[in-house]
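>>> after the sequence you'll find the predicted model.
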Amino acid sequence: MDEIKQIRAVIKAKDVLKYLSVSELKVQYKGKKLGFLWAILDPLIYLLIYLLLVKVIFQRGTDEFPALLFCGIIAHRWFGQSISSSVNCIVGNGKLIQTVKVPLLVFPLSKVWVSTVNFLIGLALLFPILFFLKINFSLNIFWLPLIVVLQLLFNIVYSSIAAFVGVFFKDLKNIITFSVRLLLYLSPVLYDVASIPEKLYKPYMILNPFAGLFTSYKNVLVHGESPSIYLLSLVIYVLIGFFVMFWANGKGNLYVKYL
């Protein structure tokens with residue numbers, strides 16, 4: 001099958017993937033005095049801003065709200081960083097692609113790996129917050145690796161698709177930047193899905209893949225509950241995305257002409 005050949009090609013290019021990922025991490029924090037500490041400070045600053053807005057100014061939110069908010073923030077940032085940095089990654093490596101035969105999927109994959117490192121740092125920071133707030137863990141926390149893997153696959157397929165489309169549609173970067181911001185308000189990051197009107201609840205949970213995802217993070221990490229059943233909608237989006245990604249990647253020669 002063509003998909004298996006594409007996967008094998010990426011595996012063979014693992015050294016290139018490693019080089020691109022490490023180089024991206026170095027560039028991202030080069031010249032910054034705090035270096036990798038920004039991977040911790042960035043989500044914390046967002047957390048403090050929204051806590052000030054919701055807890056202090058509007059005086060809303062439960063005692064668990066900081067933990068719930070941080071779950072949503074780091075998951076949202078992971079996707080946002082992955083897809084935003086991937087849009088122009090093929091165009092930006094045009095000269096390399098024209099001179100060296102390398103699978104195009106390697107370029108968005110390197111961007112996703114870098115954002116994954118930032119996410120894992122944020123996730124590690126979440127646990128001290130949970131302990132500080134005296135959140136009781138349950139066996140449902142063992143669902144966490146599955147949820148993380150599902151989001152990783154989602155990030156990979158849609159970041160790759162964005163990279164392929166970005167070759168032809170130069171305005172995509174601006175559209176995605178706006179869409180990622182909009183995603184923050186359309187998904188349960190700042191609020192709970194319980195606040196969604198009953199008539200809209202099912203369509204919202206099914207059509208918005210992040211609704212079930214972000215709710216599942218909150219369930220297993222804070223509420224001690226099992227993942228949302230609507231996490232299955234994310235699985236469907238991942239499967240559809242894989243089909244589109246491999247189809248687009250199979251048109252490799254077409255992109256080279258536009259670089």
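Perfect, thanks for sending it.

>>> tell me, how many residues neighbour residue 63?
Neighbours of residue 63 under the rule other CB atoms under 10 Å: 10. Bear in mind the C-beta positions are built from the backbone N, C-alpha and C, glycine included.

>>> repeat for residue 204
Residue 204: 17 neighbours (other CB under 10 Å).

>>> pretty sure it is touching residue 215, no?
No. Counting by CB atoms under 8 Å, residue 215 is not a contact partner of residue 204; they are 10.9 Å apart.

>>> between the two, which contacts overlap?
Counting by CB atoms under 8 Å, 6 or more residues apart in numbering, the contacts common to residue 204 and residue 215 are residue 193.

>>> give me the most central residue, this protein.
For the chain, the residue nearest the mean C-alpha position is residue 79 (1.9 Å; CA atoms, centre = their mean).

>>> list the contacts for it?
Counted by CB under 8 Å, 6+ apart, residue 79 has contacts 151, 154-155, 180, 183, 210.

>>> next one: phi and psi at residue 104?
Phi and psi for residue 104, reported as degrees, to the nearest 10, are phi -60, psi -30.

>>> correction: the previous question concerned residue 196.
According to degrees, to the nearest 10, residue 196 has phi -80, psi 130.

>>> may I see the buried residues of the helix or strand containing residue 24?
Assigned by DSSP states H and E, residue 24 falls within helix 14-29. The neighbour-count check on helix 14-29 (16 or more other CB atoms under 10 Å) flags 16-17, 20-21, 24-25, 28 as buried.

>>> tell me the SS of residue 188?
Using DSSP: H, G, I helix; E, B strand; the rest coil, the structure places residue 188 in coil.

>>> ok, back up a step: can you pull the pLDDT of the residue nearest to the centre of the chain?
Residue-level confidence at residue 79 comes out at 96, pLDDT.

>>> how about residue 135?
pLDDT at residue 135 comes out at 84.

>>> tell me how far it lies from residue 68.
From residue 135 across to residue 68, the span is 10 Å (CB to CB, to the nearest Å).
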